[in-house]
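[1] let's see this in three dimensions:
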Amino acid sequence: MNPALKKVLLGPEGTYMLNRTLLLCLFALLPACRETPPHARQEPRESMQPRYAKGFSAEHRPDGVSILTVRNPWPGASREFRYALVPGQEVPRYTGMADSLDAVIGVPVQRVVLTSTTHIPSLEALGLQERLVGFPGMDYVSSPLTRQRMADGLVEELGANEHLNTEKVLALQPDLVMGFGVSGIPRHYQAIQASGIPLVLNGDWMEEDPLGKAEWILLFGLLFGREQEAEKVFKTIETEYLEARRLASGSENMPTVLSGSLYRDVWYLPGGNSWAASFIRDSHARYLWGDTGERGSLSLSLEAVLERATEAEFWIAPSQFVSYGEMAAANPHYQQFRAFRERKVLTYARSLGPGKGMLYFELGPNRPDLVLKDLIYWFHPGLLPDYEPVFFKPLTE
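    Model (predicted):
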């Protein structure tokens, strides 16, 4: 994940928490009401109404055009963003719609620039990795498949996200740039939009439900003409997640869990209604701050955490620590926690990509089923005997 975004989202997991409430709603642009010959009528496809994601939906018009509306692509966004997805050969006919839309996009998209590592797994899951032509901050990409394409010179390095090299983007002439905004549309996107290259804001980071984040693959299906494939991929993830949750719910044990760590003098940890807290709840464990209503992070003192969590059975996501020795050296008070003494601290920081990126922040939002299974594996020994954890692993000594 891009460093600038990490700074803004510093929080619950001890470093940065991806928490997003995005709604993509849709307004149908219906043709004038008039009788048409039966043979000329087309049955409209069903609208796309995500079950978990609050950030997007899609309305399919009878003429083959889909209208997307994105709401709240960043906290407190004051307006919505609307896009028309038009079959490529028909784009010239719909350019007049641009005044009432943020972009008219020819689909299926053939050449795309992505700007967040969380976008890459969806593209790869649909077998569309060859459509990626540019990315900023390639060192942070963990996927071996995409890193190989980068090494082969098939993906252009576009600089850092906060300093996107717009000249290179314009030279690539992608069909689409998929971006995101933290507090508004970044200024470097303006030149791209002015050149006529469509920009779509991806709001997956605002979703709070684990399956809601993963459901954004349906948006990729829309853009790239792979709706059915995207639905199948998500259905598999959903099924695996719900089955793992059901399995865990039958356990007689319900361990107590602490999360996060100190950053300077503040202990950041997930709020009770956050994305991260949902995994603990669904793994049939008791998160010690699960009774709080915050959807983002909590900022507490060491004393407040010690008072409530000294006897917590497990401790997960202690920032980027990878060993007990490292933690003890950083702050000897960590040794007061039972989970530390009994060596039940789990970290995602040991699962690294070939570069600077952590697999958890790239793949985790797209594969909540694996995140949940990781926690169940450790919290309930024996329930998943043949499973090998992907993200969460014990600290080393």
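[2] from memory residue 271 sits against residue 289, does it?
    Yes: the criterion here is CB atoms under 8 Å, and residue 271 meets it with residue 289 at 7.1 Å. Any C-beta I mention is one placed from the backbone N, CA and C, and that applies to glycine too.
[3] now do the shared contacts for these two.
    277, 298 (CB atoms under 8 Å, 6 or more residues apart in numbering).
[4] in the helix or strand hosting residue 235, which residues are buried?
    Per DSSP states H and E: residue 235 is located in helix 227-249. If you call a residue buried by 16 or more other CB atoms under 10 Å, then helix 227-249 has these buried ones: 227, 229-230, 233-234, 237-238, 240-241, 244-245, 247-248.
[5] so which elements touch it?
    helix 210-214, helix 217-224, helix 275-282, helix 368-379 (3 or more CB pairs under 8 Å, 6 or more residues apart in numbering; DSSP states H and E).
[6] of the ones you listed, which approaches residue 178 most closely?
    Closest to residue 178 of these, according to CB to CB: helix 217-224, at 8.1 Å.
[7] the closest one - what's its average pLDDT?
    The pLDDT scores in helix 217-224 average 96.
[8] and the angle for that helix with helix 227-249?
    Computed by axes from the mean of the first three to the mean of the last three CA atoms, to 10 degrees, the angle separating helix 217-224 from helix 227-249 equals 170 degrees.
[9] quick one: distance of helix 217-224 to the chain centre.
    Taking the mean of its C-alpha atoms, helix 217-224 sits 14 Å from the chain's own mean (CA atoms, centre = their mean, to the nearest Å).
[10] how about stretch 231-243?
    16 Å.
[11] just to revisit the earlier point, which members of the buried residues of helix 227-249 are the farthest-apart pair?
    Maximum pairwise distance in those, criterion CB to CB, is 31.7 Å, between 227 and 248.
[12] quick one: neighbours of residue 336, just the number.
    13 (other CB atoms under 10 Å).
[13] chain neighbours aside, what residue packs nearest to residue 163?
    Leaving out its chain neighbours, the residue that sits closest to residue 163 by CB to CB, 6 or more residues apart in numbering is residue 188, at 7.1 Å.
[14] for residue 121, see how far away the one you found is.
    In this view, residue 188 and residue 121 are 24 Å apart by CB to CB, to the nearest Å.
[15] and residue 378, by the same measure?
    Residue 378 is 23 Å from residue 121, by CB to CB.
[16] paired strands for the top strand by length along the chain, with orientation please.
    Looking across the chain with DSSP state E, the single longest strand is strand 81-87. Sheet pairing for strand 81-87, assigned by DSSP bridges, gives strand 66-70 (antiparallel), strand 103-107 (parallel).
[17] please identify the most buried of the ones you listed.
    strand 66-70 (a mean of 23; mean count of other CB atoms under 10 Å).
[18] how far away from the center of its chain is that strand?
    19 Å.
[19] stretch 250-270 now?
    21 Å.
[20] could I get the buried residue list for it?
    The neighbour-count check on stretch 250-270 (16+ other CB under 10 Å) flags 251, 255-262, 267-270 as buried.
[21] ok, now stretch 179-198?
    Result for stretch 179-198 [16+ other CB under 10 Å]: buried residues 179, 180, 182, 185, 186, 188, 189, 192, 197, 198.
[22] I'd like the residues you listed laid out as a markdown table, including pLDDT, distance to residue 310 and secondary structure.
    Converted to a markdown table, the buried residues of stretch 179-198 look like this (pLDDT from 0 to 100; distance: CB to CB, whole Å; DSSP: H, G, I helix; E, B strand; the rest coil):
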| residue | pLDDT | distance to residue 310 | secondary structure |
| --- | --- | --- | --- |
| 179 | 94 | 44 | strand |
| 180 | 92 | 39 | coil |
| 182 | 88 | 36 | coil |
| 185 | 88 | 46 | coil |
| 186 | 87 | 43 | coil |
| 188 | 87 | 47 | helix |
| 189 | 91 | 48 | helix |
| 192 | 94 | 52 | helix |
| 197 | 95 | 55 | coil |
| 198 | 95 | 53 | coil |
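[23] so which of those is the closest to residue 77?
    Nearest to residue 77 among the buried residues of stretch 179-198 is residue 185, at 9.7 Å by CB to CB.
[24] who are the neighbours in contact with the closest one?
    Contacts for residue 185 (CB under 8 Å, 6+ apart) come out as 179, 199, 201.
[25] let's have the residues you listed in a markdown table, adding distance to residue 333.
    Listed next are those as a markdown table, based on distance: CB to CB, whole Å:
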| residue | distance to residue 333 |
| --- | --- |
| 179 | 41 |
| 199 | 47 |
| 201 | 42 |
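[26] direction included, what does the helix or strand where residue 299 lies pair against?
    In the assignment (DSSP H and E), residue 299 maps to strand 297-300. Using DSSP bridges, the strands paired with strand 297-300 in its sheet are strand 266-270 (antiparallel).
[27] next, the angle from the partner strand to helix 275-282.
    Interaxial angle, strand 266-270 versus helix 275-282 (the same axes, to 10 degrees): 60 degrees.
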